[in-house]
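Asker: Could you work out the structure for the sequence below:
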Amino acid sequence: MTAAEMLKKVDHTQLKAFATWEDIKVLCDEAIQYHTASVCVPPAYIKRIHDTYGDKINICTVVGFPLGYCVTEAKVAEVKKALEDGCNEIDMVINVSDVKNGLYDKVEEEIRTMKAACGEHILKVIIETCYLTEEEKIAMCKAVTNAGADYIKTSTGFGTDGATKADIELFKAHIGPNVKMKAAGGVSTLEDLEMFISLGCERIGTSRAVGLLKGQVTEGY
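Answerer: Take a look at the predicted model:
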């Protein structure tokens, strides 16, 4: 796979709490230049990005981020505001506490509610694998599938660990045919990118891909 093809699978990400508008502009300019799948940014920047760049850029944002334990109604309000401001894709964090309490049906219903709020827009579900047992991860694969979400995503990047080969292989074995995979958190080398894409991930969440690959993109791309 070429560098340009890999970049088309990247959600070019800047989610630091102290990200400035200058940081966000660099991210967006790089995303446009290198044709990344999207920029993944804090909700507070969506409208300014949309007003500045219009349809030149695909905006993704995060909801219930990074801990996921706000109530469903608050997450729905975040989704509605994000879409109103010009966002196209939503990466939501599940309520990990509900998972640890065995309330799998409640988590599934929240995901279903979020997908209804997203409508035709893409919904990616972050299950924060570093905090879950294998049994809980499998349960979340089923919840994401049953609720009709578009993607299952490994991590926020703010937990104790990020994406792993073992977790993606587990996802592949337990998600439904209509669910895609996104690896995020700790994807920091070219080898990481190549591995997760080879395992079947349709999206990679990282801030480093452009830096790793831009020197390999064909002139004039």
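
Asker: Now the residue sitting nearest the centre point of the chain. Nearest residue, chain neighbours left out?
Answerer: Nearest to the geometric centre of the chain sits D91, at 4.7 Å (Cα atoms, centre = their mean). Leaving out its chain neighbours, the residue that sits closest to D91 by Cβ to Cβ, 6 or more residues apart in numbering is K124, at 4.4 Å. Backbone N, C-alpha and C define where each C-beta goes, glycine included.

Asker: what's the burial count for the one you found?
Answerer: 26 (other Cβ atoms under 10 Å).

Asker: Let's see the pLDDT reported for it.
Answerer: Confidence at K124, expressed as pLDDT, is 99.

Asker: Then E78?
Answerer: As predicted, E78 sits at a pLDDT of 98.

Asker: Check which helices and strands the helix or strand containing it is in contact with.
Answerer: For E78, the host element (DSSP states H and E) is helix 72-85. Applying 3 or more Cβ pairs under 8 Å, 6 or more residues apart in numbering; DSSP states H and E, one finds that helix 72-85 contacts helix 46-53, strand 59-63, strand 89-93, helix 104-118.

Asker: quick one: it to helix 46-53, angle?
Answerer: Angle, helix 72-85 to helix 46-53, by axes from the mean of the first three to the mean of the last three Cα atoms, to 10 degrees: 10 degrees.

Asker: Next, the angle strand 89-93 makes with helix 72-85.
Answerer: For helix 72-85 against strand 89-93, the angle by the same axes, to 10 degrees is 160 degrees.

Asker: Alpha carbons of helix 72-85, as CSV, please.
Answerer: The C-alpha trace of helix 72-85 is given here as CSV (Å, rounded to 0.1, in the frame of the first residue of the first chain):
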residue,chain,number,x,y,z
THR,A,72,-26.7,9.8,27.5
GLU,A,73,-28.7,13.0,27.2
ALA,A,74,-25.5,15.1,27.5
LYS,A,75,-23.9,13.0,24.8
VAL,A,76,-26.9,13.4,22.5
ALA,A,77,-26.7,17.2,23.0
GLU,A,78,-23.0,17.1,22.1
VAL,A,79,-23.8,15.2,18.9
LYS,A,80,-26.6,17.6,17.8
LYS,A,81,-24.4,20.7,18.4
ALA,A,82,-21.5,19.1,16.6
LEU,A,83,-23.5,18.3,13.5
GLU,A,84,-25.1,21.8,13.6
ASP,A,85,-21.6,23.3,13.6
